[in-house]
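1. everything below, folded, please.
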Amino acid sequence: MVRPEPYLTARSCTFAVHSCLGRGGFGEVYQATMMPPGGPSTEVALKVLRRDVAANAQALERLRDEARSLARLHHPAILKVYRLVHLDGRPTLVSELVEGADLSACMADMSPRALLEVISIVAAALHEALTADALVHRDVKPPNIRLGPRGIVKLLDFGIARTDALTREAQTETDAIIGSPPYLAPERFLDSQARSASDVFALGVTLFEGLFGERMFDVSISVQASYAVDAGRYDAFIAQRLDALSPEPRVRGFIEAMVAYDPAARPTVREVAIRGDGLSEELGGDTLRRWAKARSWRPPPPRAGELTGRTLPEDGPGSRIADLPTAPYTRPPLPNPLTKPPSTSWTGFLLGGMTFAAASGVAALGIAVVAALVWRSSLPGPQTQRPAPDPVLVVVPPPVPDPVPAPEPVAPSPAPKPASPRPAPLPEPVAPRPTPAPQAATSVYVDSVGDSVAVLARGTERVTLPATVAVGRWAVLAAFGGGSPVDAGRSLDLRIGDRRTVRCSSKMRLCDVEDRTP
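-> Presented below is the predicted three-dimensional model:
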(Lines give C-alpha, C1' and ligand atoms only; values in the text may rest on other atoms or scores of the structure.)
Protein backbone atom coordinates (compact mmCIF):
# COMPACT_ATOMS: atom_id res chain seq x y z
CA MET A 1 0.00 0.00 0.00
CA VAL A 2 1.31 3.46 -0.90
CA ARG A 3 0.65 6.62 1.04
CA PRO A 4 -0.02 9.64 -1.17
CA GLU A 5 2.56 12.36 -0.63
CA PRO A 6 1.59 16.05 -0.96
CA TYR A 7 4.63 16.88 -3.06
CA LEU A 8 4.08 14.20 -5.67
CA THR A 9 2.86 16.60 -8.30
CA ALA A 10 2.66 16.42 -12.07
CA ARG A 11 4.04 19.94 -12.30
CA SER A 12 7.76 20.56 -12.76
CA CYS A 13 9.87 21.13 -9.66
CA THR A 14 13.00 23.13 -8.99
CA PHE A 15 15.90 21.68 -7.01
CA ALA A 16 18.33 23.64 -4.86
CA VAL A 17 21.40 21.40 -4.74
CA HIS A 18 23.50 21.39 -1.56
CA SER A 19 26.47 19.22 -0.60
CA CYS A 20 27.60 16.04 -2.29
CA LEU A 21 26.89 12.99 -0.13
CA GLY A 22 28.95 10.49 -2.07
CA ARG A 23 30.29 9.26 -5.39
CA GLY A 24 30.03 5.88 -7.03
CA GLY A 25 30.62 4.10 -10.28
CA PHE A 26 27.39 5.44 -11.79
CA GLY A 27 27.47 9.08 -10.63
CA GLU A 28 26.99 11.25 -7.57
CA VAL A 29 24.46 11.61 -4.76
CA TYR A 30 23.49 15.09 -3.54
CA GLN A 31 21.40 16.54 -0.76
CA ALA A 32 18.88 18.96 -2.23
CA THR A 33 15.63 20.81 -1.58
CA MET A 34 12.75 19.94 -3.93
CA MET A 35 10.51 22.97 -4.50
CA PRO A 36 7.26 22.25 -6.35
CA PRO A 37 5.32 25.31 -7.52
CA GLY A 38 2.84 26.31 -4.84
CA GLY A 39 3.69 23.35 -2.63
CA PRO A 40 5.82 22.71 0.45
CA SER A 41 9.57 22.23 0.02
CA THR A 42 11.05 18.84 0.86
CA GLU A 43 14.58 17.69 1.59
CA VAL A 44 15.50 14.95 -0.88
CA ALA A 45 18.46 13.00 -2.21
CA LEU A 46 19.43 13.26 -5.88
CA LYS A 47 21.19 10.39 -7.61
CA VAL A 48 22.62 11.94 -10.74
CA LEU A 49 23.91 9.53 -13.37
CA ARG A 50 27.12 9.97 -15.31
CA ARG A 51 26.67 11.36 -18.78
CA ASP A 52 28.11 8.28 -20.46
CA VAL A 53 25.69 6.05 -18.51
CA ALA A 54 22.81 8.37 -19.39
CA ALA A 55 23.57 7.81 -23.08
CA ASN A 56 22.79 4.11 -22.68
CA ALA A 57 19.15 3.80 -23.76
CA GLN A 58 18.76 0.29 -22.39
CA ALA A 59 20.17 1.27 -19.00
CA LEU A 60 17.80 4.24 -18.84
CA GLU A 61 14.81 2.08 -19.70
CA ARG A 62 15.68 -0.43 -17.00
CA LEU A 63 16.21 2.37 -14.49
CA ARG A 64 12.75 3.70 -15.31
CA ASP A 65 11.19 0.30 -14.74
CA GLU A 66 12.96 -0.06 -11.39
CA ALA A 67 11.94 3.43 -10.27
CA ARG A 68 8.31 2.69 -11.07
CA SER A 69 8.43 -0.56 -9.12
CA LEU A 70 10.04 1.06 -6.09
CA ALA A 71 7.53 3.89 -6.10
CA ARG A 72 4.76 1.32 -5.67
CA LEU A 73 6.32 -0.21 -2.57
CA HIS A 74 5.58 1.02 0.90
CA HIS A 75 7.72 -0.39 3.68
CA PRO A 76 9.46 1.55 6.46
CA ALA A 77 12.82 0.08 5.49
CA ILE A 78 12.51 0.64 1.73
CA LEU A 79 13.73 3.96 0.39
CA LYS A 80 10.91 6.08 -1.04
CA VAL A 81 11.38 7.14 -4.65
CA TYR A 82 9.50 10.27 -5.71
CA ARG A 83 10.31 10.88 -9.37
CA LEU A 84 12.79 10.29 -12.18
CA VAL A 85 13.69 13.44 -14.12
CA HIS A 86 16.40 15.13 -16.17
CA LEU A 87 18.54 17.68 -14.36
CA ASP A 88 21.33 19.45 -16.21
CA GLY A 89 20.83 17.01 -19.06
CA ARG A 90 21.34 13.90 -16.92
CA PRO A 91 18.85 11.33 -15.60
CA THR A 92 18.27 11.91 -11.89
CA LEU A 93 16.48 9.74 -9.37
CA VAL A 94 14.75 11.77 -6.65
CA SER A 95 14.30 9.92 -3.36
CA GLU A 96 13.80 10.63 0.33
CA LEU A 97 16.78 11.89 2.31
CA VAL A 98 17.87 9.57 5.12
CA GLU A 99 19.99 11.18 7.80
CA GLY A 100 22.37 9.05 9.83
CA ALA A 101 25.22 6.71 8.91
CA ASP A 102 25.84 3.50 7.03
CA LEU A 103 25.83 0.21 8.91
CA SER A 104 29.54 -0.20 8.16
CA ALA A 105 30.25 2.89 10.28
CA CYS A 106 28.04 1.71 13.16
CA MET A 107 29.02 -1.93 13.59
CA ALA A 108 31.83 -1.32 16.05
CA ASP A 109 29.59 -0.07 18.88
CA MET A 110 26.38 -2.02 18.19
CA SER A 111 25.09 -4.73 20.52
CA PRO A 112 24.39 -8.17 18.99
CA ARG A 113 20.72 -7.61 19.77
CA ALA A 114 20.60 -4.34 17.84
CA LEU A 115 22.50 -5.85 14.91
CA LEU A 116 20.08 -8.78 14.70
CA GLU A 117 17.20 -6.31 14.67
CA VAL A 118 18.78 -4.55 11.69
CA ILE A 119 19.23 -7.84 9.82
CA SER A 120 15.60 -8.78 10.53
CA ILE A 121 14.23 -5.44 9.37
CA VAL A 122 16.24 -5.55 6.13
CA ALA A 123 15.06 -9.12 5.51
CA ALA A 124 11.46 -7.98 5.98
CA ALA A 125 12.03 -5.21 3.41
CA LEU A 126 13.48 -7.74 0.96
CA HIS A 127 10.44 -9.96 1.54
CA GLU A 128 8.07 -7.08 0.80
CA ALA A 129 9.84 -6.21 -2.46
CA LEU A 130 10.05 -9.84 -3.51
CA THR A 131 6.37 -10.60 -2.95
CA ALA A 132 5.12 -7.28 -4.30
CA ASP A 133 7.11 -7.05 -7.52
CA ALA A 134 9.60 -9.97 -7.60
CA LEU A 135 12.45 -7.51 -6.98
CA VAL A 136 15.84 -8.85 -5.89
CA HIS A 137 18.44 -6.43 -4.56
CA ARG A 138 21.66 -8.25 -5.58
CA ASP A 139 23.94 -5.82 -3.72
CA VAL A 140 23.08 -6.14 -0.02
CA LYS A 141 26.06 -5.00 2.06
CA PRO A 142 26.73 -2.73 5.07
CA PRO A 143 27.31 0.47 3.01
CA ASN A 144 23.85 0.01 1.45
CA ILE A 145 22.08 -0.21 4.84
CA ARG A 146 21.41 3.20 6.39
CA LEU A 147 20.68 3.73 10.09
CA GLY A 148 19.03 6.84 11.56
CA PRO A 149 18.94 8.55 14.95
CA ARG A 150 15.56 7.08 16.02
CA GLY A 151 16.44 3.51 15.10
CA ILE A 152 15.38 3.99 11.48
CA VAL A 153 16.67 1.36 9.03
CA LYS A 154 16.69 1.95 5.27
CA LEU A 155 17.91 -0.32 2.50
CA LEU A 156 19.54 1.92 -0.11
CA ASP A 157 20.05 1.41 -3.84
CA PHE A 158 17.17 -1.03 -3.95
CA GLY A 159 16.33 -2.15 -7.43
CA ILE A 160 19.05 -0.10 -9.09
CA ALA A 161 21.31 -3.05 -8.27
CA ARG A 162 19.36 -5.01 -10.88
CA THR A 163 20.44 -2.52 -13.55
CA ASP A 164 23.76 -3.98 -14.65
CA ALA A 165 25.15 -0.89 -16.33
CA LEU A 166 24.56 1.29 -13.28
CA THR A 167 25.85 -0.76 -10.38
CA ARG A 168 28.84 -2.68 -11.61
CA GLU A 169 31.51 -1.85 -9.05
CA ALA A 170 34.34 -3.31 -11.11
CA GLN A 171 33.62 -2.61 -14.77
CA THR A 172 35.99 -4.61 -16.92
CA GLU A 173 36.10 -5.92 -20.42
CA THR A 174 34.39 -9.16 -19.38
CA ASP A 175 31.68 -7.56 -17.20
CA ALA A 176 31.16 -11.00 -15.70
CA ILE A 177 29.98 -10.28 -12.18
CA ILE A 178 27.76 -7.59 -10.69
CA GLY A 179 28.04 -6.79 -6.99
CA SER A 180 30.58 -6.64 -4.19
CA PRO A 181 32.84 -9.72 -4.00
CA PRO A 182 32.94 -10.22 -0.18
CA TYR A 183 29.12 -10.45 -0.14
CA LEU A 184 28.62 -12.60 -3.26
CA ALA A 185 27.04 -16.02 -2.81
CA PRO A 186 28.79 -18.98 -4.49
CA GLU A 187 26.15 -19.24 -7.20
CA ARG A 188 26.77 -15.62 -8.19
CA PHE A 189 30.21 -16.64 -9.53
CA LEU A 190 28.63 -19.28 -11.74
CA ASP A 191 25.26 -17.89 -12.77
CA SER A 192 24.06 -14.33 -13.36
CA GLN A 193 20.41 -15.07 -12.53
CA ALA A 194 19.03 -12.92 -9.70
CA ARG A 195 17.79 -14.97 -6.73
CA SER A 196 16.46 -13.98 -3.34
CA ALA A 197 18.65 -16.69 -1.79
CA SER A 198 21.70 -14.65 -2.80
CA ASP A 199 20.37 -11.70 -0.76
CA VAL A 200 19.95 -14.06 2.22
CA PHE A 201 23.61 -15.05 1.84
CA ALA A 202 24.66 -11.38 1.84
CA LEU A 203 22.69 -10.80 5.05
CA GLY A 204 24.46 -13.77 6.64
CA VAL A 205 27.96 -12.50 5.91
CA THR A 206 26.88 -9.00 6.98
CA LEU A 207 25.74 -10.40 10.34
CA PHE A 208 29.07 -12.23 10.70
CA GLU A 209 30.99 -9.03 9.96
CA GLY A 210 28.99 -6.99 12.45
CA LEU A 211 29.39 -9.55 15.25
CA PHE A 212 33.11 -10.19 14.88
CA GLY A 213 34.50 -7.07 13.25
CA GLU A 214 35.97 -8.83 10.23
CA ARG A 215 34.68 -10.05 6.92
CA MET A 216 33.80 -13.69 6.54
CA PHE A 217 35.52 -13.83 3.14
CA ASP A 218 38.65 -11.87 3.97
CA VAL A 219 40.46 -13.56 1.08
CA SER A 220 41.40 -12.72 -2.47
CA ILE A 221 38.74 -12.86 -5.12
CA SER A 222 40.46 -15.78 -6.83
CA VAL A 223 40.42 -17.86 -3.63
CA GLN A 224 36.78 -16.98 -2.99
CA ALA A 225 35.93 -18.06 -6.53
CA SER A 226 37.69 -21.38 -5.98
CA TYR A 227 35.34 -22.06 -3.06
CA ALA A 228 32.38 -21.34 -5.33
CA VAL A 229 33.17 -24.33 -7.55
CA ASP A 230 33.95 -26.78 -4.73
CA ALA A 231 31.18 -27.40 -2.18
CA GLY A 232 33.40 -29.48 0.11
CA ARG A 233 36.12 -26.87 0.24
CA TYR A 234 33.53 -24.16 0.79
CA ASP A 235 31.90 -25.95 3.74
CA ALA A 236 35.30 -26.58 5.34
CA PHE A 237 36.18 -22.89 5.08
CA ILE A 238 32.90 -21.77 6.70
CA ALA A 239 33.31 -24.25 9.56
CA GLN A 240 36.90 -23.09 10.13
CA ARG A 241 35.84 -19.43 10.28
CA LEU A 242 33.05 -20.11 12.78
CA ASP A 243 35.18 -22.45 14.90
CA ALA A 244 37.88 -19.81 15.25
CA LEU A 245 35.43 -17.19 16.56
CA SER A 246 33.11 -19.51 18.55
CA PRO A 247 29.82 -17.60 18.25
CA GLU A 248 26.89 -18.32 20.53
CA PRO A 249 25.38 -21.66 19.34
CA ARG A 250 22.02 -20.20 18.32
CA VAL A 251 23.72 -17.40 16.40
CA ARG A 252 26.12 -19.83 14.77
CA GLY A 253 23.26 -22.00 13.53
CA PHE A 254 21.52 -18.91 12.15
CA ILE A 255 24.62 -17.79 10.22
CA GLU A 256 25.36 -21.31 8.93
CA ALA A 257 21.83 -21.58 7.53
CA MET A 258 22.04 -18.23 5.74
CA VAL A 259 25.44 -18.91 4.12
CA ALA A 260 24.75 -22.53 3.10
CA TYR A 261 26.40 -23.49 -0.17
CA ASP A 262 23.15 -24.72 -1.69
CA PRO A 263 20.74 -21.80 -2.25
CA ALA A 264 17.76 -24.10 -1.68
CA ALA A 265 19.06 -24.94 1.80
CA ARG A 266 18.98 -21.32 2.97
CA PRO A 267 15.96 -19.84 4.74
CA THR A 268 13.74 -17.44 2.85
CA VAL A 269 13.96 -13.71 3.55
CA ARG A 270 10.70 -14.00 5.45
CA GLU A 271 12.08 -16.78 7.62
CA VAL A 272 15.23 -14.73 8.27
CA ALA A 273 13.09 -11.79 9.40
CA ILE A 274 11.01 -13.87 11.82
CA ARG A 275 13.85 -16.00 13.16
CA GLY A 276 16.20 -13.04 13.54
CA ASP A 277 13.62 -10.99 15.39
CA GLY A 278 12.95 -13.83 17.83
CA LEU A 279 16.67 -14.42 18.35
CA SER A 280 17.30 -10.73 19.04
CA GLU A 281 14.77 -10.82 21.87
CA GLU A 282 16.62 -13.75 23.46
CA LEU A 283 19.97 -11.94 23.50
CA GLY A 284 20.97 -9.28 25.98
CA GLY A 285 22.15 -5.74 25.31
CA ASP A 286 20.57 -2.55 24.08
CA THR A 287 17.72 -2.65 21.62
CA LEU A 288 18.17 -0.90 18.30
CA ARG A 289 16.08 2.08 19.37
CA ARG A 290 17.92 2.47 22.69
CA TRP A 291 21.31 2.19 20.96
CA ALA A 292 20.34 4.75 18.32
CA LYS A 293 19.08 7.18 20.95
CA ALA A 294 22.33 7.02 22.93
CA ARG A 295 24.64 7.30 19.90
CA SER A 296 26.15 10.60 18.85
CA TRP A 297 25.08 11.24 15.24
CA ARG A 298 27.36 13.78 13.58
CA PRO A 299 26.53 15.10 10.13
CA PRO A 300 29.11 14.24 7.47
CA PRO A 301 31.48 17.02 6.46
CA PRO A 302 30.24 18.94 3.41
CA ARG A 303 31.72 17.88 0.09
CA ALA A 304 31.74 19.81 -3.15
CA GLY A 305 30.46 18.34 -6.37
CA GLU A 306 29.77 19.43 -9.91
CA LEU A 307 26.20 20.51 -9.04
CA THR A 308 26.84 21.91 -5.53
CA GLY A 309 25.29 25.34 -4.97
CA ARG A 310 23.23 25.32 -8.16
CA THR A 311 19.45 25.67 -8.50
CA LEU A 312 18.21 23.40 -11.27
CA PRO A 313 14.75 23.19 -12.81
CA GLU A 314 13.62 20.05 -14.52
CA ASP A 315 14.93 20.23 -18.08
CA GLY A 316 12.08 21.86 -19.99
CA PRO A 317 8.74 20.39 -21.08
CA GLY A 318 8.72 16.63 -21.23
CA SER A 319 11.85 16.30 -19.12
CA ARG A 320 10.06 13.93 -16.78
CA ILE A 321 11.43 10.47 -17.53
CA ALA A 322 8.66 8.67 -15.67
CA ASP A 323 5.54 9.59 -13.74
CA LEU A 324 5.83 7.24 -10.81
CA PRO A 325 2.62 5.55 -9.63
CA THR A 326 0.97 6.38 -6.34
CA ALA A 327 -1.93 3.90 -6.53
CA PRO A 328 -1.93 0.70 -4.49
CA TYR A 329 -0.15 -2.13 -6.21
CA THR A 330 -1.61 -5.56 -7.01
CA ARG A 331 0.91 -8.27 -6.32
CA PRO A 332 1.75 -10.55 -9.26
CA PRO A 333 2.32 -14.31 -8.86
CA LEU A 334 5.58 -14.96 -7.04
CA PRO A 335 8.20 -17.24 -8.58
CA ASN A 336 10.08 -19.64 -6.31
CA PRO A 337 13.05 -17.57 -5.05
CA LEU A 338 15.00 -20.59 -3.87
CA THR A 339 15.14 -22.60 -7.04
CA LYS A 340 18.52 -24.25 -7.15
CA PRO A 341 20.62 -22.74 -9.98
CA PRO A 342 21.52 -24.99 -12.84
CA SER A 343 25.13 -26.03 -13.09
CA THR A 344 26.83 -23.51 -15.34
CA SER A 345 30.05 -23.89 -17.26
CA TRP A 346 32.32 -20.86 -17.10
CA THR A 347 35.77 -20.08 -18.38
CA GLY A 348 36.75 -17.37 -15.96
CA PHE A 349 36.14 -13.81 -15.01
CA LEU A 350 38.04 -10.62 -14.39
CA LEU A 351 37.03 -8.53 -11.36
CA GLY A 352 38.98 -5.90 -9.42
CA GLY A 353 42.14 -6.52 -11.43
CA MET A 354 42.31 -10.22 -10.48
CA THR A 355 41.63 -13.19 -12.78
CA PHE A 356 40.38 -16.60 -11.88
CA ALA A 357 40.15 -19.36 -14.48
CA ALA A 358 37.96 -22.38 -14.12
CA ALA A 359 37.79 -25.50 -16.20
CA SER A 360 35.98 -24.48 -19.35
CA GLY A 361 33.47 -26.47 -21.20
CA VAL A 362 31.07 -29.11 -19.99
CA ALA A 363 30.31 -32.04 -22.24
CA ALA A 364 26.77 -31.80 -23.52
CA LEU A 365 24.56 -34.66 -22.55
CA GLY A 366 21.75 -35.74 -24.83
CA ILE A 367 19.00 -38.00 -23.66
CA ALA A 368 16.76 -39.72 -26.21
CA VAL A 369 13.47 -41.06 -25.00
CA VAL A 370 11.57 -43.58 -27.22
CA ALA A 371 7.89 -44.07 -26.45
CA ALA A 372 5.94 -47.06 -27.82
CA LEU A 373 2.20 -47.22 -28.04
CA VAL A 374 0.75 -50.67 -27.25
CA TRP A 375 -2.62 -51.45 -28.75
CA ARG A 376 -4.76 -54.11 -27.22
CA SER A 377 -8.07 -55.47 -28.18
CA SER A 378 -10.85 -53.92 -26.30
CA LEU A 379 -12.27 -56.38 -23.86
CA PRO A 380 -16.00 -56.62 -23.46
CA GLY A 381 -17.12 -55.02 -20.33
CA PRO A 382 -18.76 -57.07 -17.62
CA GLN A 383 -22.20 -58.39 -18.66
CA THR A 384 -25.00 -56.74 -16.88
CA GLN A 385 -27.12 -59.37 -15.15
CA ARG A 386 -30.74 -58.65 -15.73
CA PRO A 387 -33.05 -59.20 -12.77
CA ALA A 388 -35.26 -62.32 -12.96
CA PRO A 389 -38.78 -61.57 -14.17
CA ASP A 390 -41.61 -61.66 -11.73
CA PRO A 391 -43.22 -65.19 -11.57
CA VAL A 392 -46.33 -65.59 -13.72
CA LEU A 393 -49.19 -67.86 -12.56
CA VAL A 394 -50.18 -70.12 -15.47
CA VAL A 395 -53.58 -71.79 -15.13
CA VAL A 396 -53.87 -75.04 -17.15
CA PRO A 397 -57.48 -76.03 -17.86
CA PRO A 398 -58.42 -79.64 -17.04
CA PRO A 399 -58.79 -82.07 -19.95
CA VAL A 400 -62.26 -82.21 -21.54
CA PRO A 401 -63.88 -85.72 -20.99
CA ASP A 402 -65.61 -87.66 -23.73
CA PRO A 403 -69.32 -86.82 -24.04
CA VAL A 404 -71.75 -88.99 -22.00
CA PRO A 405 -75.54 -89.18 -22.10
CA ALA A 406 -77.20 -86.43 -20.20
CA PRO A 407 -78.59 -87.62 -16.86
CA GLU A 408 -82.10 -87.21 -15.86
CA PRO A 409 -82.81 -83.80 -14.45
CA VAL A 410 -82.61 -83.48 -10.74
CA ALA A 411 -83.14 -80.59 -8.50
CA PRO A 412 -80.00 -78.47 -8.41
CA SER A 413 -78.24 -78.41 -5.10
CA PRO A 414 -77.48 -75.02 -3.73
CA ALA A 415 -74.04 -73.76 -4.67
CA PRO A 416 -71.60 -73.84 -1.80
CA LYS A 417 -70.92 -70.54 -0.15
CA PRO A 418 -67.43 -69.30 -0.99
CA ALA A 419 -65.07 -69.24 1.98
CA SER A 420 -64.52 -65.89 3.50
CA PRO A 421 -61.06 -64.57 2.50
CA ARG A 422 -58.55 -64.40 5.36
CA PRO A 423 -57.61 -60.80 6.04
CA ALA A 424 -53.98 -59.93 5.17
CA PRO A 425 -51.81 -59.34 8.25
CA LEU A 426 -51.22 -55.74 9.06
CA PRO A 427 -47.57 -54.56 8.68
CA GLU A 428 -45.73 -54.12 11.92
CA PRO A 429 -45.44 -50.46 12.85
CA VAL A 430 -42.01 -48.97 12.11
CA ALA A 431 -40.72 -46.42 14.59
CA PRO A 432 -39.98 -43.13 12.78
CA ARG A 433 -36.31 -42.02 12.66
CA PRO A 434 -35.58 -39.15 14.96
CA THR A 435 -34.67 -35.98 13.09
CA PRO A 436 -31.16 -34.91 14.17
CA ALA A 437 -31.04 -31.62 15.93
CA PRO A 438 -29.22 -28.91 13.96
CA GLN A 439 -25.60 -28.54 15.09
CA ALA A 440 -24.33 -25.17 16.17
CA ALA A 441 -21.63 -23.49 14.03
CA THR A 442 -18.19 -24.63 15.15
CA SER A 443 -15.55 -22.06 16.03
CA VAL A 444 -12.10 -21.79 17.54
CA TYR A 445 -10.32 -19.16 19.59
CA VAL A 446 -7.53 -17.24 17.86
CA ASP A 447 -5.18 -15.19 20.01
CA SER A 448 -3.19 -12.11 18.95
CA VAL A 449 0.14 -10.78 20.20
CA GLY A 450 2.55 -8.10 19.01
CA ASP A 451 2.37 -4.35 18.60
CA SER A 452 -0.15 -4.30 15.73
CA VAL A 453 -3.87 -5.06 15.61
CA ALA A 454 -4.57 -8.28 13.69
CA VAL A 455 -7.82 -8.77 11.75
CA LEU A 456 -9.17 -11.89 10.02
CA ALA A 457 -11.13 -11.34 6.81
CA ARG A 458 -13.38 -13.62 4.75
CA GLY A 459 -15.63 -12.10 2.14
CA THR A 460 -17.33 -9.18 3.85
CA GLU A 461 -16.64 -10.55 7.35
CA ARG A 462 -14.04 -8.85 9.55
CA VAL A 463 -13.02 -10.18 12.97
CA THR A 464 -10.57 -8.27 15.16
CA LEU A 465 -8.32 -10.57 17.18
CA PRO A 466 -8.25 -11.96 19.79
CA ALA A 467 -11.66 -13.50 19.20
CA THR A 468 -13.61 -16.71 18.69
CA VAL A 469 -13.70 -17.32 14.93
CA ALA A 470 -15.70 -19.74 12.78
CA VAL A 471 -13.72 -22.55 11.18
CA GLY A 472 -12.67 -22.15 7.57
CA ARG A 473 -10.15 -20.15 5.56
CA TRP A 474 -9.40 -16.55 6.59
CA ALA A 475 -6.99 -13.91 5.28
CA VAL A 476 -4.82 -12.08 7.81
CA LEU A 477 -4.85 -8.27 7.82
CA ALA A 478 -2.82 -6.04 10.13
CA ALA A 479 -2.97 -2.40 11.18
CA PHE A 480 0.77 -1.75 11.20
CA GLY A 481 1.67 1.33 13.20
CA GLY A 482 -1.95 2.09 14.01
CA GLY A 483 -2.99 2.64 10.38
CA SER A 484 -5.78 0.98 8.43
CA PRO A 485 -5.62 -2.83 8.17
CA VAL A 486 -3.71 -4.00 5.10
CA ASP A 487 -3.06 -7.44 3.65
CA ALA A 488 -0.33 -9.13 5.69
CA GLY A 489 0.27 -11.82 3.08
CA ARG A 490 -0.83 -14.67 5.38
CA SER A 491 -3.90 -16.88 5.65
CA LEU A 492 -5.41 -19.24 8.23
CA ASP A 493 -7.16 -22.57 7.64
CA LEU A 494 -9.02 -23.06 10.92
CA ARG A 495 -10.35 -26.48 11.94
CA ILE A 496 -12.08 -27.79 15.02
CA GLY A 497 -9.62 -28.10 17.90
CA ASP A 498 -7.05 -25.66 16.47
CA ARG A 499 -5.24 -23.24 18.75
CA ARG A 500 -3.63 -20.43 16.80
CA THR A 501 -1.87 -17.19 17.69
CA VAL A 502 -1.24 -14.37 15.19
CA ARG A 503 1.85 -12.26 15.92
CA CYS A 504 2.16 -8.97 14.00
CA SER A 505 5.16 -6.63 14.14
CA SER A 506 5.06 -3.01 12.97
CA LYS A 507 8.84 -2.95 13.02
CA MET A 508 9.05 -5.56 10.28
CA ARG A 509 5.53 -5.14 8.82
CA LEU A 510 5.10 -8.92 9.00
CA CYS A 511 2.62 -11.28 10.61
CA ASP A 512 3.45 -14.81 11.69
CA VAL A 513 1.02 -17.57 12.64
CA GLU A 514 1.94 -19.82 15.55
CA ASP A 515 0.24 -23.21 15.84
CA ARG A 516 -0.33 -24.13 19.49
CA THR A 517 -2.52 -27.16 18.75
CA PRO A 518 -1.51 -29.96 21.14
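2. excluding chain neighbours, what is closest to residue 498?
-> Nearest-residue entry for residue 498: residue 444, 4.9 Å, with adjacent residues in sequence omitted and distances by Cβ to Cβ, 6 or more residues apart in numbering. No exception for glycine: its C-beta is placed from N, CA and C like everyone else's.
3. sticking with the one you found, tell me its helix or strand.
-> Following DSSP states H and E, one finds residue 444 within strand 443-450.
4. list the buried residues in that strand.
-> 444, 446, 448, 450 (16 or more other Cβ atoms under 10 Å).
5. and the least confident of the residues you listed?
-> Here the lowest pLDDT out of the buried residues of strand 443-450 sits on residue 450, with 86.
6. for that one, give its distance to residue 208.
-> Look at residue 450 and residue 208: by Cβ to Cβ, to the nearest Å, they are 29 Å apart.
7. ok, residue 40 next?
-> Separation of residue 40 from residue 208 (Cβ to Cβ) stands at 43 Å.
8. tell me which of these two has more neighbours.
-> Per other Cβ atoms under 10 Å, whichever of residue 40 and residue 208 has more neighbours is residue 208, with 24 against 9.
9. nearest residue to the more buried one other than its sequence neighbours?
-> Excluding its sequence neighbours, the residue lying closest to residue 208 (Cβ to Cβ, 6+ apart) is residue 216, at 4.5 Å.
10. list the contacts for that neighbour?
-> With contact set as Cβ atoms under 8 Å, 6 or more residues apart in numbering, residue 216 has these partners: 182, 204-205, 208-209, 238, 241, 259.
11. now secondary structure too, for those residues, in TSV please.
-> Converted to TSV, the contacts of residue 216 look like this (DSSP: H, G, I helix; E, B strand; the rest coil):
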residue	secondary structure
182	helix
204	helix
205	helix
208	helix
209	helix
238	helix
241	helix
259	coil
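12. closest one of those to residue 496?
-> The shortest gap between residue 496 and any of these belongs to residue 204, at 41.1 Å (Cβ to Cβ).
13. what is the neighbour count of the closest one?
-> 26.
14. what's the nearest residue to it if we skip its chain neighbours?
-> Setting aside the residues directly before and after it, residue 204 is nearest to residue 258 in space (Cβ to Cβ, 6+ apart), at 2.9 Å.
15. and the average pLDDT for the helix or strand containing residue 279 is what?
-> Element membership of residue 279, judged by DSSP H and E, is helix 269-282. Across helix 269-282, pLDDT averages out at 94.
16. likewise for stretch 502-511?
-> Stretch 502-511 shows a mean pLDDT of 87.
17. pretty sure residue 146 contacts residue 157?
-> No - Residue 146 is not in contact with residue 157 according to Cβ atoms under 8 Å; the separation is 10.0 Å.
18. who's more crowded, those two?
-> For residue 146 versus residue 157, neighbours defined as other Cβ under 10 Å are more numerous around residue 157 (23 against 19).
19. gap between that one and residue 141?
-> 10 Å.
20. over to residue 108?
-> On the measure of Cβ to Cβ, residue 108 and residue 141 end up 17 Å apart.
21. those two: which has the busier surroundings?
-> Using other Cβ under 10 Å as the criterion, residue 108 and residue 141 rank with residue 141 on top: 23 against 8.
22. that one: what's it in contact with?
-> By Cβ under 8 Å, 6+ apart, residue 141 lies in contact with 104, 180, 182-183, 202, 206.
23. and the gap between it and residue 182?
-> Distance of residue 141 to residue 182, given as Cβ to Cβ: 8 Å.
24. please name the bridge partners of the residue nearest to residue 498.
-> Listed by DSSP bridges, the beta-bridge partners for residue 444 are residue 469.
25. wait, it touches residue 500, no?
-> Yes - at 7.3 Å, residue 444 counts as touching residue 500 under the criterion of Cβ under 8 Å.
26. between the two, what contacts are shared?
-> Common neighbours of residue 444 and residue 500, using Cβ under 8 Å, 6+ apart, are residue 494.
27. pop the domain breakdown of the protein in here.
-> According to automatic domain parsing, the chain comprises the domains 1-99+299-314, 102-298, 443-515.
28. tell me the most buried of those domains?
-> Across those, the average number of neighbours (mean count of other Cβ atoms under 10 Å) peaks for domain 102-298, which reaches a mean of 19.
29. what angle separates the host helix or strand of residue 125 from helix 269-282?
-> Here residue 125, judged by DSSP H and E, is contained in helix 112-133. If you take axes from the mean of the first three to the mean of the last three Cα atoms, to 10 degrees, helix 112-133 sits at 160 degrees to helix 269-282.
30. cool, thanks, signing off.
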